[in-house]
Every structure is written in structure tokens, then in C-alpha cells.
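K.L.:
My questions concern the predicted model and sequence given below.
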Amino acid sequence: MTRALAVATALLLAAVLAMGVYLHILRGNERERAQNLPDSRPISAPVPGPPSHVILYLAYDDPGAVRARDATVPLPADPAQRGREILHALLGEYVKRPSSHELPAGADVKDVFLVNGNTAVVDTTPAFAEGHRSGILVETLTVASLVKTLTANLPGVTRVKILVDGKERETLAGHADLECFYDVVAVEQLLQQLQ
Amino acid sequence: MVAVLLFVLPASAPSAEQKQLSIYGPRVSYSLPVSERNGQDYVALLEALEPLGSVSASVEGQKWKLRFKKLEAEFRRNSPVGKIAGQKFGLPAPFLLEGDRGLVPLRVLPTILGLMLPTRTDYHEAGRRLFLGGAGTRFTTDLREAGLSLNFSAPVNPQISTEPGKLKMTFTRDPVVSNASIPRLENPLVSSVTFSENNGRAELVVLGRTPLLAKFAAAGKTIEIVPAPGEARQSTALTTAPSTPASAAPTPAPATVEVPPIVPAPPTVQSLTVKPPFVVMLDAGHGGDDRGALLSETLEEKAVTLAFARRLRSELQNRGIGSVMSRDADVTVPVEQRAAMADAARVAIFVSVHAASQGRGVRVYTAMINSLTSKPGGFLPWDTVQADYVLSSRALADVVKAELGKHEIPNSELAAPLKPLNNVAAAAIAIEVAPSGEDVASVNAGVYQQRIAAALAEAIVVGRSRVEAQR
């Protein structure tokens, strides 16, 4: 083997080794990036139903208000599933960009449970709370919008409890209480102040 | 509930005397807790580096590997030798590994930062203050007939406390350093100015021949020390409140009020009928591990709330009203513990301080709860304690709103499901300070905060009689 051939072989081997290391780093980076992406897969299959008229109470960061807006959402017959579809439509407005009240990608409702006919338990995704902006007003707007939208479209529901990923959480993002049951009358009074 | 909590809370008050180190850089200032291990002071190295750039650490067996920007460092559990960028150096005490936290002796931290940062480090060991890259705010004194001016090379935001004849300014976040010497002052108003450093803080103490008052000017770069309007104002509500049985004490108490003992006296007929002194609890939101909202890239809500609460405390002192703080340092205090502290101390008013980057001015909040009147002497359910006091809270919020309006500060009043308002057995409000204009940093400006604090303190003076009537 000539000296030139030996050098060329060594260089090629070094290049192969370097490319292998580079590929390993790229794979690591890609894996990390994929893990950090918000999970945007649907929580559950959409439930079919005829398009129905609902009222969404949308929050507006500027000027800090909640306003009613008509919408059409396919709704199933089961009240709990109706609640989930309505809140899914509401939060869908907030994860859009631009939005009047931005919530992080992946913020959604996993399920709604009705207890004794008058209490709704809303289970949200982890992204709903983990990525929520922190502040008294922004958190209050989210809670008020969610509670009012649910109670306005599900007659008989007077109390709402919000869970995150099936568990109770102290606050939404450092301010709004998530350990309490929200009373529809108190939320109604708050909405009047927010007009 | 509330009564039970009175017995279980003695160890819950935050300690303001926890050892700490303050680090001042050209762009960022922060404090770290200092832990004692085997008689030596230690700090967590990762926490020390985090505000200075991207940093990560991993544990591999007995080794603790750290990557800061492009530099790599390695330490071994219980070993007195460290390695940074391949360069070995000695530690005055062994490196400690607690879980995944790497602790280094405090004395070696300036050396480590010197090896990792392309900048000069200057460590004031006695005061536990570390300056990076020539950071430092200097000041000069200017004595005039009207008072003493302290002129700083950059805006400052100290905690100010007063006692008769003494005014103390404590600088934690500001890298205030002393000039070579402070001129001796001979004046009818001020007798001396002394500068000292201790536990991550700098203190300027002005001794006067009359009661003194501090005012900010020149966008926070000047502090004017002037005579207080009257000596009577120097005493606190604990000594001036007419309803306080102990108020006959002849000597005025220091303006900084200690938290009343948490463990209650055995219940007697007298203790149930005597009205406690009029004290305001100032609850600086968040703190420690809970930074609150990130208002800008470098501004955390917990720092703004603490600075504002301290200003409000000074304003209340100037008006003869005593106050206690739920925290007076960057420490973690659980939310419900803040309410428990207020209830145990039987405060008259609870003010929770928060800050936000959205909106303008100040938003005033009361609990989102319906009014209720419980039977006298009965236990109050923890989750709805505030129901008995919410009318009083709303009345106070109305007064605060009106006073903010008088000071031309944009404001609004709302109910909010804010923790822990529902658990407070007193008139309770929260304020959310938003920027004064487009610049989010204005939320932390001394002059702006001072205006709001003055309006709020005035509102508490105005609303006091109403709150007292409903206690």
C-alpha cells in the first residue's frame, strides 16, 4: 500500500467516523425537539351529532372582558359529551393565532362529567395549565369564560370544578383557584363587572 | 379550622435572617440561599450560574458534570478538587452532592465564576456580595439646608424603614457600593451617614436630630432625606391605635412591626373581647421557587411584588399604621400559609400584591365569594372564611379605587378567584400593578410604585374607620 493510499484511507475513515458522530448528535437533537413539541393529537374521537346553535363566552385580554358570540357546533345527545364539544370549540378559539385570549397549543378539554345534574367536572389537558400565562386577570378571564360557556349551554349546571389531567391543582398558573367549585351566580356577578 | 391553625403554625413564619449571597452582574442581580454544611457555607453552583447563561448539569455515579455555555466543569462527591475546562483547582472544603444538586464552598465561588466568565469578579466576603464585570452603583452625599440628598449613579430601589431619629435604607438588588469615605456631616438635621454590608445586602443608615423621611427623585437616582412632618407620625398603629389596651406605652415603638406571636394565649373572656391592634398584612405575592409571571426577559413578578410591598410598608409607617409582611426576602411561602399567618396575627387588613405585564395602571380585586354572617364565637370554615368579611373588603376596595383615581392612576375593581383571599379572616384585597405605559419595565420603576403605594396607604387611612367598625 502506497503512502498516498494509506493517507486517503485514513481520511475516509475519519470522515465516516465524524459523520457517524454528527448523525448521532442530529438524532439526539431531533428526539429532544419531538419530546418538547406540544401534543396536538385529538384527545378523543369527535362525537357525531347534528350542528347545533351554542353561545360561546369569549375572553378578550384587551380590554379585559368576556363577550357572548353565537357559534354552530355538532353536538351529540349526551349532555356530558355536549359539554365537552362546546368547551372544545371554545378552547379552539384560544389556541388559534391570532386570538383574543391566547392559550398554548394543546390546551383542550379531555372530558366533562356531570354529577347530580347540577355539578360539572371539567378535566383539562396538562397544556391547559402548564402553558397558561400567569396573572390574576388573564387567569380569571379563562376561568370565567369556561364556566359561563358551560353553564349557559347546559341548563341545570350551577357549579363547575376544573381538573388538570385528572387531578386537582392548587392554581391555574399561580393565581386563579382551581381547588374550589365555581358557583354560577358568583361568575355571573364577575361577568357583569367585566362588561 | 382557623382556631386549629393557630396552634399548628409556630414554625411557619419565613425567616428574614436566612443566610444569603447576592450576585450583581451588568445585566442581572439576584440572591441565592447559603446553606451551612459541616460548619462551612455552601451554595448551589447550578443556581448561581443559571441567571448568567445556559447551563445544565448531570450526575454520573460519583461525578457531577456541569456545562455552562461552551465550558465544561467536573466535580466529584466529597472531593476537594474541581476541574474547569481541563484545569484543576482546589476547594477549601469538599464538593457536596445532594440529590442532583451540586454544592460548592461559598469561598471558592468567585474563583469558579472567574474561570467560567470572561469578566472580573470582586467579592465582598464580609457582606456576602459578589460583583461581576465591574457592576456597582456609587453614590455621593449632598447636604443642604432643606435636607440631605443621596445621589446614585443608577436608579435604586431600597427598602426603607424609619425609627425616631434614624432612617435605614437596605439595598438587596441594587449593587450599591461605598465611596472611599463618606464625609462627616455636621448639620442641625443629620448627624451621620454610615454604609455597611451584611448578608447579601448593603445598608445606608442616616442618623438625624429630628424624625426623617425619604423621598425619591430623578427617576430613582436621588433619595432626598428631609424632616418628617411631625414626630407623632413616627409611632406605629400598635402604639397609637385607640382601641389597643397596650397603647399607653410611653415610648414609641420602632416603625417596623414584629409579627405578633402565633401561639395564642389560653382563651379567656378578656382575650375574646379585646380588639387586636390595627395592623395591615402586606403579602408580596410569590417568592422563592415561585417566581410568578415573567413580566419581561429579566423581570420576575416576585421581585416586583416584594419591592412594592416594602414601599407600601414605608408609606404606612409614615402614616402611623403598623404592618407585617408575609415575606421580606426571596423565600417560598405557601399560599395558604400566608392566609394562616394573617388569621393568626388577627390583622385588620390583608393586601396581596401582584404584578402583570398586561393592561395599564392598577387592578383592585376582592374575593369571588358571597357575603355571609356567621354566628359569633363559632368556627369558620377555612374555604369560606372571607364570606364574613367580604362586605368590608369591597368597601375598602372602593376607597382604594377612589384614591387611585385621585392620584390619576388608571384603575379598575373586580372580583377574582385569587388564592388565598377566601381564607383570610379580615378585610382582604389584592392589587395587580400593571405598567404605566408601553414599557413593561415601568411596573418596577420606583417613582411609579411610590405613587401607587402612597395612594394605597392613603386609602387605608381613609378606610380604617370603616374596617374597624366591622371587626
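P.N.:
Here it is on my side, so go on.

K.L.:
Around chain B, pick out the residues from chain A.
P.N.:
Counting by Cβ under 8 Å from any Cβ of the partner chain, the residues of chain A lying close to chain B are A:61-62, A:64, A:133-138, A:140, A:143, A:170-171, A:173-177, A:179-180, A:182-183, A:185-187, A:189-190, A:193-194. Just so you know, the C-beta spots here come from the backbone N, C-alpha and C atoms, and that holds for glycine as well.

K.L.:
Return a PyMOL selection command for the buried portion of those residues.
P.N.:
Only the buried members of the residues of chain A next to chain B enter the following PyMOL selection, criterion being 16 or more other Cβ atoms under 10 Å in any protein chain shown:
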select buried, chain A and resi 61+64+133+134+135+136+137+138+140+143+171+173+174+175+176+177+180+182+183+186+187+190+194
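
K.L.:
out of the residues of chain A next to chain B, which are inside helices?
P.N.:
A:136-138, A:140, A:143, A:185-187, A:189-190, A:193-194 (DSSP state H).

K.L.:
Could you dump these into JSON lines and include pLDDT?
P.N.:
Conversion of these to JSON lines gives the following (pLDDT from 0 to 100):
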{"residue": "A:Ile136", "pLDDT": "94"}
{"residue": "A:Leu137", "pLDDT": "94"}
{"residue": "A:Val138", "pLDDT": "94"}
{"residue": "A:Thr140", "pLDDT": "94"}
{"residue": "A:Val143", "pLDDT": "95"}
{"residue": "A:Val185", "pLDDT": "88"}
{"residue": "A:Ala186", "pLDDT": "88"}
{"residue": "A:Val187", "pLDDT": "90"}
{"residue": "A:Gln189", "pLDDT": "88"}
{"residue": "A:Leu190", "pLDDT": "89"}
{"residue": "A:Gln193", "pLDDT": "85"}
{"residue": "A:Leu194", "pLDDT": "81"}
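
K.L.:
And the furthest pair within those residues?
P.N.:
Largest separation among these by Cβ to Cβ: A:Val138 and A:Val185, giving 23.1 Å.

K.L.:
so who does residue 147 touch?
P.N.:
Went with chain A since none was named. A:160, A:182, A:184, A:187 (Cβ atoms under 8 Å, 6 or more residues apart in numbering or on different chains).

K.L.:
sorry, should have said chain B
P.N.:
By Cβ under 8 Å, 6+ apart, the contact set of B:Gly147 is B:189-190, B:224-227.

K.L.:
Next: B:Arg327.
P.N.:
Taking Cβ under 8 Å, 6+ apart, we find B:Arg327 in contact with B:14, B:284, B:287, B:306, B:333.

K.L.:
which of these are close to chain A?
P.N.:
When Cβ under 8 Å from any Cβ is taken as the criterion, no member of those contacts chain A.

K.L.:
Within the helices and strands, which one has A:Leu56?
P.N.:
Using DSSP states H and E, A:Leu56 sits in strand A:51-60.

K.L.:
do B:Tyr365 as well
P.N.:
Secondary structure assignment for B:Tyr365, by DSSP H and E: strand B:362-367.

K.L.:
Show me where chain B dips below the pLDDT cut-off.
P.N.:
Low-confidence segments of chain B, defined by pLDDT under 70, span residues B:1-17, B:179-188, B:228-276, B:372-379, B:470-471.

K.L.:
Likewise for chain A?
P.N.:
Under the criterion pLDDT under 70, the flagged ranges of chain A are A:1, A:36-47.

K.L.:
Need the distance between the two termini of stretch B:361-380.
P.N.:
From the first residue to the last, stretch B:361-380 extends over 35 Å; the measure is Cα to Cα, to the nearest Å.

K.L.:
Could you give the number of residues near B:Ala430?
P.N.:
Burial measure for B:Ala430: 26 neighbouring residues, criterion other Cβ atoms under 10 Å in any protein chain shown.

K.L.:
Isn't it up against B:His354?
P.N.:
Yes - shown here, B:Ala430 and B:His354 form a contact pair, counting by Cβ atoms under 8 Å, at 6.1 Å.

K.L.:
circling back to that earlier point, show me which of the contacts of A:Val147 is closest to B:Leu96.
P.N.:
Within the contacts of A:Val147, the smallest distance to B:Leu96 is 46.8 Å, found for A:Tyr182 (Cβ to Cβ).
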